[in-house]
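K.L.:
let me see the structure of the following:
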Amino acid sequence: MHVVDWMIVAAFLGVNIAIGIYFSRRGGKNVDSFFVSGRSLKWYVAGASMIATNFASDTPLWVGTCVRESGLHAVWRYWSPFIGCALGVALFSRLWRRTRVVTDNEMLELRYSGKGAQLLRGITAGAGALLLCPMIIGWVCKAMITIAQEALGVSGQTFSILGMEMPAEMAVTIVVMACAIVVSTSGGMMGAAYSDFLQFLLATLGTFLLAWLAIKEVGGLSSMVEQLQANESWLGREMNIGPQISTTITSEGQPGMMSIWNAIGFFGILWWGNALSGGHQAQRLLSCKNTKHASNALLMFAIIYFAVICWPWIAVALSSLIVFPDMGEAGHDAAYPRMMLHILPIGLRGIMMGTMIAAFTSTVQTMFNWGSSYIVNDIYRRFAVREASDKHYVRVSRIVTVSVGILGGLIAFKADNILQLLDIFFVVGVCSTLVAVLRWLWWRMTVEGEVAAFVLNYVLGILMLFGHRILGLEKPLFDRPMGWLFHLPEGISFTQSADMLGARMLVVMFISTVAAIIVSLRTKPTDPELLTAFVQRTRIHRFGWAPVIDRIDGYKPAQTLPQVLTDWVLIMATICSLLFTFANILRYRLPAAAGALLLFGALLFWVVRRTRNELDEDDA
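P.N.:
Below you'll find the predicted structure:
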């Protein structure tokens, strides 16, 4: 990094801080302003904010690793959630905005009655704010450290911060995190969202610029494709884009292949969480001006994030296979920052580094604001101090935001253990999503059923992954019964095999969902008056809610179930058509790309027109 590059990076950080300070007065009026921007965000700001948040500093590194190790088809691990995101656009984004809550946990007390609803709200808020949110911060910090090592040229150096000596790459990460904390504590959600909007523009420009220079470095698209197809050592040399699924089960996973059970996990289970659009995504949707803006924001996110923004990362990864065929001890995830260092000249290197920092700060800013919203709105204001002033809650929110950032930073120091924690959430967190879907789609679901599923999820997940250590057994607790159930070959561990991840998710999800249904049917239904109010507020479709809706005279749902399903299919087709447009461009199949682009234009026009017709009368 030249001094000019460092000056550009400093300018990026300075502008980011200025945006947060600019919105400090508007963002600090009250809790609604701080956490959901006073419900004033336009669709393109909210959509860009969601893209910038998910375009974390680790995502290009992870996608690049998938491509370098296995080929284009391995990116379906990144693409598969678009199935759920399309359903989120068609249904859940609209339901969220109509609830008019501050956090997704607050909705639990609109849907359920009694002490159980309060308990569930507090527990889920605590788990999200104190476990999941800091872990995500720690994970993206680890990626930022990798970028600092490879692209900033500070590896092996030490800096001193507040009298403490530390590796330079960690010091750089702490400085960037401090800037993100300033933005989050001053401007709240509004400052974070508009900062994200700028960062989205910069990150998009930077990634496409690097991709164009990377392709130029290897002689252009046609030359790149020829060289890759001639590379006998690369598993993806055939440039196939369809998922490669195998019925063979191994311990470590098959390079370039997805086991049948993992295919079930990715294409049948994982995307339900994206469909729900909860957490920090719900926070953006709740910040939108109205339901139409919320739906269009998520549509923008789904199209750009899954069908556009990933292709520059893929192009850089493909080029890096030619420029750096062997990454040695650095590993495949270092290829992206190393390509930045190799290709970009002075000035452009600083701009690109600024975009990577922008991706990092947008993610951690969201985590800071999201985590503090859970603690302040769902725990502190709900259970501890109920009648304080708006200024008091905003002041507490800012203090909690700093605390969440510090907790995430501490976890980053223990980054080697994060993979183990993420494994718990991958099995446990994902498997609770079907129960959360039933919360929206089935009137008979009760808080007791959901609490039973919540507890069972964690008990099963922890016993499955660590039960043998807890009980002092030689082999994992679930290996023998699950090995018999799934007919696993001798020596293949159900609990530890990479090819059985989807099966682990399936088992936990099935048991917890069945338990939730049984407990719900065996317990007293939710208060009918509360269910009636919930239906009238969300204007949900009749399917699954007929016993409640039949008691409401003149009820008119915002959408019918056939409309929802039609919208879902159309949005999936729209995303796929643009995805295959870029896929064919990158594989130098230009006629096919042109046809896919025309199809995308027609489908997008159809989807936007249907959305406008369905939501024109929506006054949420």
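
K.L.:
how about the strands in the stretch 251-400 of the chain?
P.N.:
In the stretch 251-400 of the chain, the strands defined using DSSP state E, counting those that start in this stretch lie at 258-259.

K.L.:
can you give me the helices for it?
P.N.:
260-264, 271-276, 279-286, 291-307, 310-323, 335-343, 348-373, 390-413 (DSSP state H, counting those that start in this stretch).

K.L.:
any low-confidence regions in the protein?
P.N.:
Across the chain, residues meeting the criterion (pLDDT under 70) sit at 1, 56-57, 142-143, 145-170, 172, 408-431, 617-620.

K.L.:
which one's the longest helix in it?
P.N.:
helix 168-217 (DSSP state H).

K.L.:
and the helices of the stretch 251-400 of the chain: which comes nearest Phe494?
P.N.:
Across those, Phe494 has its closest neighbour in helix 260-264 (9.8 Å, CB to CB). C-beta here means a position set from N, CA and C on the backbone, and glycine is covered the same way.

K.L.:
only C-alpha atoms, please: export that closest one in PDB.
P.N.:
Extracted in PDB, the C-alpha atoms of helix 260-264 (Å, rounded to 0.1, in the frame of the first residue of the first chain):
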ATOM      1  CA  ILE A 260     -27.600 -36.100  -1.600                       C
ATOM      2  CA  TRP A 261     -28.200 -35.200   2.100                       C
ATOM      3  CA  ASN A 262     -26.400 -31.900   1.800                       C
ATOM      4  CA  ALA A 263     -28.500 -31.200  -1.400                       C
ATOM      5  CA  ILE A 264     -31.600 -31.800   0.700                       C
END
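
K.L.:
got the buried residues for that helix?
P.N.:
Ile260, Trp261, Asn262, Ala263, Ile264 (16 or more other CB atoms under 10 Å).

K.L.:
kindly report the same for stretch 475-487.
P.N.:
Buried residues in stretch 475-487, counting neighbours by 16+ other CB under 10 Å, are found at Pro476, Leu477, Phe478, Asp479, Met482, Gly483.

K.L.:
and Leu477, which of the three is it?
P.N.:
coil (DSSP: H, G, I helix; E, B strand; the rest coil).

K.L.:
skipping adjacent residues, who's closest to it in space?
P.N.:
The shortest distance from Leu477 to any non-neighbouring residue, by CB to CB, 6 or more residues apart in numbering, is to Gly467 (3.6 Å).

K.L.:
ok, now which ones touch that neighbour?
P.N.:
Contacts for Gly467 (CB atoms under 8 Å, 6 or more residues apart in numbering) come out as Leu473, Pro476, Leu477, Phe478.

K.L.:
could I get those residues in JSON lines, plus columns for distance to Thr204?
P.N.:
Below are those laid out as JSON lines (distance: CB to CB, whole Å):
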{"residue": "Leu473", "distance to Thr204": "51"}
{"residue": "Pro476", "distance to Thr204": "44"}
{"residue": "Leu477", "distance to Thr204": "47"}
{"residue": "Phe478", "distance to Thr204": "44"}
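
K.L.:
farthest pair within those residues?
P.N.:
Leu473 and Phe478 (10.8 Å).

K.L.:
residues of the host helix or strand of Ile19 that come out buried?
P.N.:
Using DSSP states H and E, Ile19 maps to helix 3-22. Buried residues in helix 3-22, counted by 16+ other CB under 10 Å: Asp5, Ile8, Val9, Phe12, Leu13, Asn16, Ile17, Ile19, Gly20, Tyr22.

K.L.:
those into JSON lines, with extra columns for distance to Met327?
P.N.:
Formatted as JSON lines, the buried residues of helix 3-22 follow (distance: CB to CB, whole Å):
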{"residue": "Asp5", "distance to Met327": "23"}
{"residue": "Ile8", "distance to Met327": "27"}
{"residue": "Val9", "distance to Met327": "25"}
{"residue": "Phe12", "distance to Met327": "28"}
{"residue": "Leu13", "distance to Met327": "29"}
{"residue": "Asn16", "distance to Met327": "31"}
{"residue": "Ile17", "distance to Met327": "35"}
{"residue": "Ile19", "distance to Met327": "36"}
{"residue": "Gly20", "distance to Met327": "37"}
{"residue": "Tyr22", "distance to Met327": "42"}
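
K.L.:
these two touch, right, Pro243 and Ala263?
P.N.:
Yes - the pair Pro243 and Ala263 qualifies as a contact (CB atoms under 8 Å) at a distance of 6.7 Å.

K.L.:
circling back to that earlier point, the residue nearest to Leu477: which element?
P.N.:
helix 447-471.

K.L.:
distance from the chain centre to that helix, please.
P.N.:
24 Å (CA atoms, centre = their mean, to the nearest Å).

K.L.:
same thing with stretch 266-277?
P.N.:
Put simply, stretch 266-277 sits 11 Å off its chain's centre (CA atoms, centre = their mean).

K.L.:
quick revisit: identify the farthest-apart pair in the buried residues of stretch 475-487.
P.N.:
Counting by CB to CB, the most remote pair of the buried residues of stretch 475-487 is Leu477 and Gly483, 11.8 Å apart.

K.L.:
show me which of the buried residues of helix 3-22 is closest to Pro528.
P.N.:
Relative to Pro528, and with distances defined as CB to CB, the nearest of the buried residues of helix 3-22 is Gly20, at 45.7 Å.

K.L.:
how about stretch 577-597: buried residues?
P.N.:
577-587, 593, 596-597.

K.L.:
measure Gly138 to Met177 for me?
P.N.:
11 Å (CB to CB, to the nearest Å).

K.L.:
before we move on, back to that, wait, which of the buried residues of helix 260-264 is closest to Ala453?
P.N.:
Ile264 (20.0 Å).

K.L.:
let me know whether Arg551 touches Thr532 as I believe.
P.N.:
Yes - applying CB under 8 Å, one finds Arg551 in contact with Thr532, separated by 6.4 Å.

K.L.:
those two - which one has more neighbours?
P.N.:
Comparing Arg551 with Thr532 by other CB atoms under 10 Å, the one with more neighbours is Thr532, at 15 against 12.

K.L.:
element containing the more buried one?
P.N.:
helix 528-538.

K.L.:
pull the distance from that helix to the chain's centre.
P.N.:
30 Å.

K.L.:
and that helix, which residues are buried?
P.N.:
By neighbour count on 16+ other CB under 10 Å, the buried set for helix 528-538 is Leu530, Leu531, Phe534, Val535, Arg537, Thr538.

K.L.:
could you report the separation of the second one from Asp553?
P.N.:
Right, Leu531. 16 Å.

K.L.:
quick one on the thing from earlier: what's downstream of the longest helix of the chain, the next helix or strand?
P.N.:
Heading C-terminal from helix 168-217, the first helix or strand you meet, by DSSP H and E, is helix 221-229.

K.L.:
from the chain's centroid, how far away is that next one?
P.N.:
Between the centre of helix 221-229 and the centre of its chain there are 32 Å (CA atoms, centre = their mean).

K.L.:
contacts for it next, please.
P.N.:
Here helix 221-229 has contacts from 215, 218-219, 234, 236-239, 318-319, 321-322, 585-588, using CB under 8 Å, 6+ apart.

K.L.:
walk me through which strands the helix or strand following it pairs with, and which way each runs.
P.N.:
Beyond helix 221-229 on the C-terminal side, the first helix or strand identified by DSSP H and E is strand 245-246. Sheet pairing for strand 245-246, assigned by DSSP bridges, gives strand 258-259 (parallel).
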